[in-house]
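J.: Mind looking at a prediction? Sequence and model below.
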Amino acid sequence: MTDQPTPAPAGIDHAVLAELTRLRESIDNIDAAVVHMLAERFKATQQVGRLKAEHRLPPADPERERRQIARLRELAVSANLDPVFAEKFLNFIIAEVIRHHEAIAGDSGRAEA
Ligand SMILES: O=C(O)C(=O)C[C@]1(C(=O)O)C=C[C@@H](O)C=C1
């Protein structure tokens, strides 16, 4: 899918428009990388979800999450990223993963019944 260029506001300087376009191309590449990385992460967590369901392990592991958050906050600080944002972002992803784990556990529970 190719993105259509956003129409330039009337009178915008050519150099400014070229710089904006260059930055937006970079942003589009980064967004694509984020999507691919997240897809890989969810492939791995789906496998974790199946393993947990097979062995009747709880979907959430708060101690693991605590260590992940501490690590990600440190990484964020050293990368000049707001650690509060990094923590919120990880919690958002993990909440979705736990929802998937619960759905997998529900499905395998029903299959056994
Ligand atoms: O590592 C696990 O046990 C997972 O289920 C994966 C994961 C994660 O998304 O990183 C999700 C839920 C857990 O509470 C902890 C971590």
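T.: It's in.

J.: helices and strands of this protein: which one bottoms out on pLDDT?
T.: helix 83-112 (a mean of 94; mean pLDDT, DSSP states H and E).

J.: hmm, that helix in reach of the ligand?
T.: Yes: Helix 83-112 comes into contact with the ligand (C-beta under 6 Å from any ligand atom), by way of 94, 97, 98, 101. Every residue, glycine included, has its C-beta placed from N, CA and C.

J.: in that helix, what counts as buried?
T.: For helix 83-112, a neighbour-count test (16 or more other C-beta atoms under 10 Å) marks 83, 86, 87, 90, 94, 97, 98, 101, 104, 105, 108 as buried.

J.: can you pull the contacts of the third one?
T.: To tie it back to what came earlier, the one meant is residue 87. Counting by C-beta atoms under 8 Å, 6 or more residues apart in numbering, residue 87 touches 69, 72, 73, 76.

J.: Dump those to a markdown table, plus pLDDT and secondary structure.
T.: As requested, those are arranged in a markdown table below (pLDDT from 0 to 100; DSSP: H, G, I helix; E, B strand; the rest coil):
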| residue | pLDDT | secondary structure |
| --- | --- | --- |
| 69 | 98 | helix |
| 72 | 98 | helix |
| 73 | 98 | helix |
| 76 | 98 | helix |
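
J.: residues from the protein in reach of the ligand?
T.: Contact residues (C-beta under 6 Å from any ligand atom) of the chain with the ligand: 45, 48, 60, 61, 64, 65, 68, 94, 97, 98, 101.

J.: Quick check: chain neighbours aside, which residue is closest to the first one?
T.: Spatially, and ignoring its direct neighbours in sequence, residue 45 is nearest to residue 97 (4.5 Å; C-beta to C-beta, 6 or more residues apart in numbering).

J.: which among the buried residues of helix 83-112 gets closest to residue 18?
T.: Nearest to residue 18 out of the buried residues of helix 83-112 is residue 86 (C-beta to C-beta; 32.4 Å).

J.: and the closest one, how far is that from residue 93?
T.: Noted for residue 86: a distance of 11 Å to residue 93, by C-beta to C-beta, to the nearest Å.

J.: same deal with residue 43?
T.: Taking C-beta to C-beta as the measure, residue 43 and residue 93 are separated by 13 Å.
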